[in-house]
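1. Sequence isn't available, so here's the structure alone:
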Ligand code: B16
Ligand code: MG
């Protein structure tokens, strides 16, 4: 029986990819590294430092900076990103998410957050949904990012549930791999191509219906 849902944040509950892009773009411009929206797609679900490393690789700059300098660059991007997310409001919840969270609450299904973002709690506050989440996995405590299963395994543990009692929802390929490797039923939002490995996939968040997901997960 499904007793818990573990959500990714960016791309599932809200879409902050554009803000990440604007903040990374500002830094990339300064470093004279070409970055476009298509490349930004590769950064979805990837941690801040891994994202920086990928951007530096685009500019063949992997070996140029010390760890301290890279931390400074990542901090600089994050300061810009934090300013941009101050504009987030409950109206930025993706379509269907408010209803899904309401249905989960009514069904007594417990909810956790498994986001790679260290800004997750701030964004959830801005979206007005913090009270609906029982627990948040702290990405700072993880040894490995997605696609490693660690974050979703922790999410289930923090809910005191087994992986088989949970559903995980993701929009990134690395995220679906993480959920699958955790032994959790995976629900993907996105194209068939990107969500090929999901146990159940929909194209848009508006199609995430609790009854449909539970039917698929308990089949
Ligand atoms: P921060 P998710 C991820 O969130 C984003 O998709 C990814 O683009 C970002 O680099 C990562 O969080 C880290 O975010 O810099 O705020 O700690 O999709 O796992 O909810
Ligand atoms: Mg995501």
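-> It's in. Everything numeric in this text was worked out from a predicted model, so none of it was measured. Residues are numbered from 1 along each chain as shown. Ligands and ions are numbered 1, 2, ... in the order given.
2. Any chance of the backbone angles for residue 90?
-> phi -60, psi -20 (degrees, to the nearest 10).
3. Just the pLDDT for the nearest residue to it once chain neighbours are set aside.
-> Counting by CB to CB, 6 or more residues apart in numbering, residue 90 lies nearest to residue 128, which is 4.3 Å off, once chain neighbours are set aside. Any C-beta I mention is one placed from the backbone N, CA and C, and that applies to glycine too. pLDDT recorded at residue 128 is 98.
4. Tell me the spacing between residue 128 and ligand 2.
-> Taking CB to the ion, to the nearest Å as the criterion, residue 128 is separated from ligand 2 by 20 Å.
5. Please tell me how far that residue sits from ligand 1.
-> Separation of residue 128 from ligand 1 (CB to the nearest ligand atom, to the nearest Å): 17 Å.
6. Write out the residues of this protein neighbouring ligand 1.
-> Listed as neighbours of ligand 1 in the chain under the rule CB under 6 Å from any ligand atom: 8-11, 20, 43-48, 51, 78, 115-119, 172.
7. Which ones, among those residues, also lie beside ligand 2?
-> Applying CB under 5 Å from the ion to the residues of the chain next to ligand 1, one finds that 8, 10-11, 45, 172 fall near ligand 2.
8. Run through who's touching the lengthiest helix in the chain.
-> Counting by DSSP state H, the longest helix found in the chain is helix 67-84. Applying CB atoms under 8 Å, 6 or more residues apart in numbering, the contact partners of helix 67-84 are 19-20, 22-24, 26-27, 31, 48-49, 52-53, 56, 65, 118-119, 122.
9. Can you find the residue of the chain that comes nearest to ligand 2?
-> residue 11 (3.6 Å; CB to the ion).
10. I'd like to know how far that residue sits from residue 175.
-> 8 Å (CB to CB, to the nearest Å).
11. show me what contacts the residue of the chain closest to ligand 2?
-> 17, 44-45, 170-172, 189-190.
12. Which ones among those residues lie within helices?
-> Reading helices off the contacts of residue 11 with DSSP H, I get residue 17.
13. Farthest pair within the contacts of residue 11?
-> Distance extremes for the contacts of residue 11: the farthest pair is 17 and 170 at 13.7 Å, using CB to CB.
14. who has more neighbours, the two?
-> Ranked by neighbour count (other CB atoms under 10 Å), residue 17 and residue 170 place residue 170 first, with 30 against 17.
15. tell me the domain ranges of this protein?
-> 4-15+89-217, 17-87 (automatic domain parsing).
16. Would you tell me whether the worst-scoring helix or strand of the chain on mean pLDDT gets close to ligand 2?
-> Sorting the helices and strands of the chain by mean pLDDT, DSSP states H and E puts helix 37-41 at the bottom, at a mean of 89. No: using CB under 5 Å from the ion, helix 37-41 never reaches ligand 2; the gap is at least 11.3 Å.
17. who touches the helix or strand harbouring residue 53?
-> If you go by DSSP states H and E, residue 53 is part of helix 48-58. Helix 48-58 has contacts (CB under 8 Å, 6+ apart) with 20, 24, 27-28, 31, 33-35, 39, 42-43, 46, 62, 64-65, 70-71, 73-74, 77-78, 118, 145.
18. Of those, keep whichever come out buried.
-> 20, 24, 27-28, 33, 35, 39, 43, 46, 65, 73-74, 77-78, 145 (16 or more other CB atoms under 10 Å).
19. Among those, which pair sits farthest apart?
-> The distance between the two most remote of these (CB to CB) is 21.8 Å, for 33 and 145.
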